[in-house]
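*Asks:* just to be clear, the model below is a prediction. Sequence and coordinates:
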Amino acid sequence: MLEDTRSLHFFNRGPSAIARLVFFSMLSLLLLFVDARYRYLESTRQVIAIIIYPLQRLTALPGELWQGAAEYISLQNYLVAHNEQLRLQHDADAARLKQFETLMNENAQLSALLEVKQRADYSVQAAHIVYLEHDIFKRKVLVDIGAQAGVQAGQAVIDNQGVVGQVTRTFPWLSEVTLVTDKDNVVPVQIVRNGLRAAVFGSGNTSEMELRYQPVGVDIEVGDELVTSGMDGTYPAALPVAKIISIERDPAYPFARIVCVPLAGVDRHRTLLVVAFTSPLPQRPPEDTTGAGTRSKRAVRRGAQ
Amino acid sequence: MKYAMSADREFLLPASRRFIFASLIIAVLLEWLPWHGWALAVRPDFVALLLLYWCTHKPHRIGIGSAWVLGILVDVADASLFGQHALAYSVLAFGGLVLNRRVQMFSLKEQSVHVFGLLLVSYAVYALVHWQVRGFVVWEYFIGSLTSALLWAPLTLLIQTLRRPRRNPNEL
């Protein structure tokens, strides 16, 4: 108790506050630099993540319990109505499914005729969202399967309506998913109506994405659907991504301003699907031997000589 | 005012190591609750507040070093860059140590204004690092410093009540 109540000593207190501030600031800046530039610290981060994992689960517990209780006591008539609605939906879907089956058969025949390679099949793993973003700057969620379940960074994450995002970092029991709406996150897409290729960028806002670098006169209309083109080897082809909601064609700017909304429930669901998609694409050839589209300046010059 | 305590005595109240540790852990847990949407924007930074409290009230115990370690923990949990919170909290702790002598002379209301300034600086450090690395700043982030500063007075009262020794019920 005596020790607690002593007053400040002016001597013999170790390094001064300013010295300590400078020391720890330099240490922080060094870590920041190393982490931002070289990403050497991933293993350290994982070790600390494992240590604090139980505590994190503890904080998520009240929310989970509350949701469990709310689901348990949801009203019966709601369930009946919902059931009825699902039945109707099922009937409608069954009819469409029949159509779809005939189309599939027809398509299979045509593909065989054209000797088109079959699209790669992919399997999915269900994952629950454990945490939402902790940082207002980011659009990231953590899901409850990780490296132990075979998840790798780079895998695509979808829900029943379309692409949600991409796994960007894995921990033993958790994975970090960056949503498609994260600022400057890019998804290669194709427009369903006319097959135009483009790239859609996240805007940092959950309900908005941008289709950048399209000329003012581009053939895009409000309501067009964007699906993944499958060209990067990260996302499987033909998954719905977004829908165009507004186009501003101002001739004063070189590019049109095109805004879309993500089709997947990027901010709504609890369960997501992690796609185990191994790209069937062959290795990208080195720069010098690529086709005309990506030829480097030097190669072009050499070609001209 | 029976329960009023002079400013001097308040600062002499005991605080065990365990109590300080527990309070910081609780602050971290509060921060990890699933905040999202507008609640995330107005979420007060409990860890920063607690740190500042202990830095101003028990500068021997909690200083820049502890702030730095706590910052690293929060960095991992938030998946932010290593050292981002650590840097912001070190600056905050330094501010707290400087304020230590002064805070004893002010009322809670006046303290809150000082605290707001310190938090603003620490938030600015965090946002500055983010701006340097990622190239943009979310301005709603700064609302957090205001809500945190508003929480200063209730938090100080709460912790001081907890630190006050319990009266013996048999005492007259």
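*Replies:* Sure thing, it's come through.
*Asks:* quick check, the longest helix anywhere in chain B touching chain A?
*Replies:* The residue-count maximum for a helix in chain B (DSSP state H) belongs to helix B:108-134. Yes - using Cβ under 8 Å from any Cβ of the partner chain, helix B:108-134 reaches chain A at B:Val129, B:His130, B:Val133, B:Arg134. To be clear about C-beta, it is placed using only N, CA and C from the backbone, and glycine gets the same treatment.
*Asks:* narrow the residues you listed to just the buried residues.
*Replies:* B:Val129, B:His130 (16 or more other Cβ atoms under 10 Å in any protein chain shown).
*Asks:* re earlier: buried residues, the longest helix of chain B. List them.
*Replies:* B:111-112, B:114-116, B:118-119, B:122-127, B:129-130.
*Asks:* center of chain B - which residue?
*Replies:* Nearest to the geometric centre of chain B sits B:Leu49, at 1.5 Å (Cα atoms, centre = their mean).
*Asks:* correction: the previous question concerned chain A.
*Replies:* A:Gly165 (1.6 Å).
*Asks:* which residue packs closest to it, ignoring adjacent ones?
*Replies:* Nearest residue to A:Gly165, sequence neighbours excluded (Cβ to Cβ, 6 or more residues apart in numbering or on different chains): A:Leu179, at 4.2 Å.
*Asks:* which pLDDT value belongs to that neighbour?
*Replies:* We have a pLDDT of 87 for A:Leu179.
*Asks:* cool, B:Phe11 as well?
*Replies:* pLDDT, B:Phe11: 61.
*Asks:* what's the answer for B:Phe94, then?
*Replies:* B:Phe94 carries a pLDDT value of 91.
*Asks:* next, give phi and psi for it.
*Replies:* phi -60, psi -40 (degrees, to the nearest 10).
*Asks:* tell me how far the residue nearest to the centre of chain B lies from B:Ile143.
*Replies:* Distance, B:Leu49 to B:Ile143, by Cβ to Cβ, to the nearest Å: 15 Å.
*Asks:* ok, B:Ile159 next?
*Replies:* 24 Å.
*Asks:* neighbour count winner among these two?
*Replies:* Each of B:Ile159 and B:Ile143 has its neighbours counted (other Cβ atoms under 10 Å in any protein chain shown); B:Ile159 has more, 19 against 16.
*Asks:* identify the residues contacting that one.
*Replies:* B:Ser23, B:Tyr53 (Cβ atoms under 8 Å, 6 or more residues apart in numbering or on different chains).
*Asks:* how far away is it from chain A?
*Replies:* 15 Å (Cβ to the nearest Cβ, to the nearest Å).
*Asks:* got the residue ranges for the strands in chain A?
*Replies:* Remark: strands assigned in chain A by DSSP state E are A:123-131, A:140-143, A:156-158, A:163-170, A:175-179, A:186-191, A:197-202, A:209-211, A:225-228, A:240-248, A:257-262, A:271-276.
*Asks:* for the third one, name the packing helices and strands.
*Replies:* Applying 3 or more Cβ pairs under 8 Å, 6 or more residues apart in numbering or on different chains; DSSP states H and E, we find strand A:156-158 packed against strand A:163-170, strand A:271-276.
*Asks:* please identify the most buried of those strands.
*Replies:* strand A:163-170 (a mean of 23; mean count of other Cβ atoms under 10 Å in any protein chain shown).
*Asks:* could you dump it to PDB, C-alpha only?
*Replies:* In PDB, the C-alpha atoms belonging to strand A:163-170 read as follows (Å, rounded to 0.1, in the frame of the first residue of the first chain):
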ATOM      1  CA  VAL A 163     -19.700 -13.200 -55.500                       C
ATOM      2  CA  VAL A 164     -19.100 -11.900 -52.000                       C
ATOM      3  CA  GLY A 165     -15.300 -11.500 -52.000                       C
ATOM      4  CA  GLN A 166     -12.100 -13.300 -51.800                       C
ATOM      5  CA  VAL A 167     -10.000 -14.900 -49.000                       C
ATOM      6  CA  THR A 168      -7.000 -12.600 -48.400                       C
ATOM      7  CA  ARG A 169      -5.400 -14.100 -45.300                       C
ATOM      8  CA  THR A 170      -5.800 -17.400 -43.500                       C
END
